[in-house]
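Peer 1: Quick check, what structure comes out for this input:
(2 chains, ligands or ions: 2)
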Amino acid sequence: MLNDFLISFKVKNAYTVNQIIYSLQRFPLLGKLIPNSLYKMKCFKIISIIISIIIQIVKIFGFKLLYILVFLIYPLSIYQSYSQELIIHIYLFLALIGCFSNTEIFNPTKDKYYMIVLMKMNAKNHTLSNFIYFLSSIFIGHITAMFLLVNNIVSWYNIILLATLTILLKFIAINFYFYRMKKSNKVINENKPSSWSVYFGLMIGGLALAYGLPYFNIVISLPIFYVFALIVIVLGLLSIKSIFSYDKYAWLYKKLLNKDTVFAPQQDNTQVIATNIQKQISVDKNITSDKSGFAFFHDLFVKRHRKILIDSAKKTTVVILIVVLVVAILTLINPQIKTSVNSFTLLFLPYMLFLMYFINTGKNITNAMFMNCDHSMLSYRFFRQSKTVLALFKERLKTIIFINLLPTLTLAISLCFLLFITGGTNNYLNYLVIFFSILSMSIFFSVHNLIIYYLLQPYNVGMEMKSSTYTVINIITYWACYYISQMKVTTLVFGSLMILFAVIYSFISLFLVYKYAPKTFKLR
Amino acid sequence: MKLEIKNLKKSFEKKEVLKDINFEFEEGKIYGLLGRNGAGKTTLFNCLNEDLDIDSGEFYLVDKEKRKIESNDIGYVLSTPVVPEFLTGREFLKFFIDINKDNIKDLKSIDEYFDLVKLDKDDRDKLMKDYSHGMKNKVQMLVYIIASPKVLLLDEPLTSFDVVVAEEMKELLKSIKKDHILIFSTHIMELALDLCDEIVVLNKGVLEHVDNNNLTNKQFKNKIIDILKGEEDA
Ligand SMILES: Nc1ncnc2c1ncn2[C@@H]1O[C@H](COP(=O)(O)OP(=O)(O)O)[C@@H](O)[C@H]1O
Ligand SMILES: [Mg+2]
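Peer 2: Ligands and ions are numbered 1, 2, ... in the order given. Down below sits the predicted model:
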């Protein structure tokens, strides 16, 4: 069995390495330096085995530590109470949730697919050896984390008892699943429960018991815990035997492991999005256009994609209006709210950047443009001529800015309106700055989304997102917006800087698009 | 008019797909580009259409003098046809004609063009997302028949048509071959022999013309198969 485990570890290692090389190669500049021969290189294999081991260690110790911190220590700090009973109480309910939702045996993973289906390893040996590793890592990880974090509250034997119970509970849950499968003759997939509502009901119920009961000062007392532990130990030990003697692992994985269950999450992203966007094309016969050339082409694109392009902007606008209305009414009723809204509107501008980031539909629009239009059109040579690329870029920029203008103007006017009805400001310039800086934010995001689409065109023929630069830039944009929204500066300063920035950014990026897009805008 | 390829090389990493391509394609002829699966036919077309950057060598048109291939000089019908699915066939043609007005000689009406490839009247105003593979292929072909580029590359085009349509397409290609350089890739020998004036074989990264002077059909076939097979063993 150890041998089985080592083989599967080696294989797992091999394809993590390949994945690392593959994604490195897709990196800008750096990627060009990485030859395919790296796949064969010995020293790289060894380095990657070391990396794999480090990842495993982080998984065992780091993740468990994080788990205990987030789910135990943090709630305790909210309750301001650090009793042994409370910790045991929360831990037990979490273990109960975990034992049914995370069994490893019923999890259709890529590893299992490669090893059992493709490489025809013995299903039972492979599963059990990896299962033992899985349980050991939980056991060791939890004990280490608990000793480090709650050693002074929970006694050492209770820590060991808790970790043991976690493991035994998994055995019981698996045994229960085996029983259910025998009854219903249906294979259980822990990631696809037969009823999501029951699944979430139990999850939320468990969490409510874990964190809710202590609020009413109800926690499992130590004697009850020991009785419970005794029952779990007895049932758990009985279950161990049946799990090791279960002889239908081959059958189970034959049913459980297929391309849909194993690879579904990844396929979903590109394929399902692509077909979904395709379905969004309106078949309304009355849609026509009296324009010609690019304007005609683009006009029809926009009209036939009304649903995805315009409706979301409209929805956002309605939500903004409702929120503003509610706030406005509140300020009329309560003078205290009125003064706080007044000062808030003057401090709100930086947050607005973050809000605009989410409101802007540019990314969805470029997505639809690629899936339903450019993906096919880019294989036509005339479509890649500079004059075509630029003519269409112009039409598209206008449309994106225009579509986003509706929620933007609503927001800008609303904020000025709120400022006005809550007592106004001494400096009338504030109104102008609020209005124009929000406008400039919207234009900035519209330009930004479209130009990175044109300059980086991140998709390949198979409609997969292939440019890591694109992803990196999106992450940077997100964090930049986040950090800027945390700034504490006056409206006047922030707003003016924002307007200036948006103007400069737009000019530079338009220049870049006109210079480089004809070369960069093609299928990867 | 000639399309000349000189010492064209293209590799993916270390894999040399096109080793040393040298050829002159002449106007008024249909060339059958024969090659086994994975021989590099699509790669060659992608290079000629500048979808791929070549490693070395050059290709150009020779009119009276040597000149670069411009966008309007070349048309490329992909083996899996792609069309903008949110447009109807008619709208797509209208768009194409709109933006290429200046380059189109003796412009016909859109319906006349559709008649040319025998696309059903009902289908002309349907969104192309509901088109079949063959219908999309017809539209893609039509775009280039309208633009009438000097060089037309067709990557395994007839494979997706049923017998009747394939026959119609063959006639269509024969009717436009005057004034054009048509290169037609396929791995099906009968198709190539049936339609093409000249046979070139792509094998082991080089392009070789197969002369059919004084050969019976049978002998010619055997000669081609020998080339495809023989160099494999070498
Ligand atoms: N983008 C690419 N990256 C790496 N190898 C490629 C790529 N495109 C094609 N190839 C390889 O080049 C060879 C020729 O492919 P292709 O031109 O599609 O052949 P054909 O069209 O004659 O069947 C194949 O071996 C294929 O694996
Ligand atoms: Mg091919």
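
Peer 1: Chain B contacts on the stretch 351-500 of chain A?
Peer 2: Contact residues, the stretch 351-500 of chain A versus chain B (C-beta under 8 Å from any C-beta of the partner chain): A:372, A:373, A:375, A:376, A:377, A:379, A:380, A:381, A:382, A:384, A:385, A:388. (Glycine included, C-beta is placed from N, CA and C.)

Peer 1: For the most far-flung residue of chain A relative to its centre, report the pLDDT, please.
Peer 2: Computed with C-alpha atoms, centre = their mean, the maximum C-alpha offset from the centroid of chain A is found at residue A:426, amounting to 43.9 Å. At residue A:426, the model reports a pLDDT of 82.

Peer 1: one step back: dump the residues of the stretch 351-500 of chain A next to chain B into TSV; add neighbour count and distance to residue A:166 as well.
Peer 2: Below are these laid out as TSV (neighbours: other C-beta atoms under 10 Å in any protein chain shown; distance: C-beta to C-beta, whole Å):
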residue	neighbour count	distance to residue A:166
A:372	24	49
A:373	21	52
A:375	20	48
A:376	22	53
A:377	22	56
A:379	23	55
A:380	23	60
A:381	22	62
A:382	18	64
A:384	20	59
A:385	16	64
A:388	21	62
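
Peer 1: Closest to residue B:30 out of those?
Peer 2: Relative to residue B:30, the closest of these is residue A:381; by C-beta to C-beta it sits at 21.0 Å.

Peer 1: which stretches of the stretch 1-150 of chain A aren't confidently modelled?
Peer 2: Scanning the stretch 1-150 of chain A for pLDDT under 70 picks out the ranges A:23, A:25-40.

Peer 1: Tell me where it has helices.
Peer 2: Across the stretch 1-150 of chain A, reading from the start of the chain, the helices by DSSP state H, counting those that start in this stretch fall at A:2-25, A:42-57, A:64-68, A:74-79, A:84-101, A:110-112, A:123-150.

Peer 1: residue boundaries of the helices in chain B?
Peer 2: Shown for chain B, the helices assigned by DSSP state H span residues B:41-48, B:89-100, B:110-117, B:133-147, B:163-176, B:189-195, B:217-233.

Peer 1: State the pair within the residues of the stretch 351-500 of chain A next to chain B that is farthest apart.
Peer 2: Among those, A:372 and A:385 lie farthest apart (C-beta to C-beta), at 21.1 Å.

Peer 1: For chain A, what's the nearest residue on chain B?
Peer 2: Nearest to chain A, among the residues of chain B, is residue B:82, at 3.7 Å (C-beta to the nearest C-beta).

Peer 1: show me what contacts that residue?
Peer 2: For residue B:82, the contact set (C-beta atoms under 8 Å, 6 or more residues apart in numbering or on different chains) comprises A:375, A:376, A:377, A:379, B:136, B:140.

Peer 1: My guess is the second one contacts residue B:83. True?
Peer 2: Yes: if you go by C-beta atoms under 8 Å, residue A:376 and residue B:83 touch, sitting 5.6 Å apart.

Peer 1: who's in contact with the residue of the stretch 251-400 of chain A found nearest chain B?
Peer 2: The nearest approach of the stretch 251-400 of chain A to chain B comes at residue A:376, 3.7 Å away (C-beta to the nearest C-beta). The neighbours of residue A:376, taking C-beta under 8 Å, 6+ apart as the test, are B:82, B:83, B:84, B:85.

Peer 1: For residue B:10, which of the helices of chain B is the nearest?
Peer 2: By C-beta to C-beta (comparing all of these), the closest turns out to be helix B:41-48, at 5.6 Å.

Peer 1: Is ligand 1 within reach of that closest one?
Peer 2: Yes: legend: contact between helix B:41-48 and ligand 1 by C-beta under 6 Å from any ligand atom is shown at B:41, B:42, B:43.

Peer 1: From those residues, list the ones also adjacent to chain A.
Peer 2: Restricting those to contacts with chain A (C-beta under 8 Å from any C-beta) yields no residues.

Peer 1: Same list, those, but as a markdown table with distance to residue A:322 please.
Peer 2: As requested, those are arranged in a markdown table below (distance: C-beta to C-beta, whole Å):
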| residue | distance to residue A:322 |
| --- | --- |
| B:41 | 60 |
| B:42 | 55 |
| B:43 | 57 |
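
Peer 1: before we move on, the earlier item: what is the nearest of the contacts of residue A:376 to ligand 1?
Peer 2: residue B:82 (16.1 Å; C-beta to the nearest ligand atom).

Peer 1: backbone phi and psi for the closest one, please?
Peer 2: Residue B:82 has phi and psi values of phi -120, psi 130 when expressed as degrees, to the nearest 10.

Peer 1: so where is the chain shaky, pLDDT-wise?
Peer 2: Let's take chain A. Applying pLDDT under 70 to chain A picks out residues A:23, A:25-40, A:260-261, A:263-274, A:462-463, A:465.

Peer 1: Chain B is the one I meant
Peer 2: Chain B contains residues with pLDDT under 70 at B:230-234.

Peer 1: Tell me the residues of it that contact chain A?
Peer 2: Counting by C-beta under 8 Å from any C-beta, chain B sits next to chain A at B:13-14, B:49-51, B:71-72, B:74-76, B:78, B:82-87, B:91, B:94-96, B:98-100, B:127, B:129, B:143, B:147.

Peer 1: Buried members of these into PyMOL, please.
Peer 2: Burial among the residues of chain B next to chain A is assessed by 16 or more other C-beta atoms under 10 Å in any protein chain shown; the matching PyMOL selection reads:
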select buried, chain B and resi 49+50+51+71+72+74+75+76+78+82+83+84+85+86+87+91+94+95+96+99+100+127+129+143+147
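
Peer 1: Tell me how chain A divides into domains.
Peer 2: Structurally, chain A divides into domains by automatic domain parsing as follows: A:2-263, A:293-520.

Peer 1: Including distance to ligand 1, could those go into a markdown table?
Peer 2: Formatted as a markdown table, the entries for the domains of chain A read as follows, by distance: least, C-beta to the nearest ligand atom, whole Å:
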| stretch | distance to ligand 1 |
| --- | --- |
| domain A:2-263 | 9 |
| domain A:293-520 | 9 |
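
Peer 1: Just name the most buried of the ones you listed.
Peer 2: Mean neighbours per residue, mean count of other C-beta atoms under 10 Å in any protein chain shown, is largest over the domains of chain A for domain A:293-520, with a mean of 18.

Peer 1: Thought residue A:9 was touching residue A:115, still the case?
Peer 2: No: between residue A:115 and residue A:9 there is no contact under C-beta under 8 Å: 10.3 Å.

Peer 1: follow-up on the earlier one: where does the residue farthest from the centre of chain A sit: helix, strand or coil?
Peer 2: With DSSP: H, G, I helix; E, B strand; the rest coil as the basis, residue A:426 sits in coil.

Peer 1: so how far is residue B:95 from it?
Peer 2: Here the distance between residue A:426 and residue B:95 works out to 56 Å (C-beta to C-beta, to the nearest Å).

Peer 1: ok, the contacts of residue A:376 vs residue A:489, which is closest?
Peer 2: Distances from these to residue A:489 were compared by C-beta to C-beta; the smallest belongs to residue B:84, at 46.7 Å.
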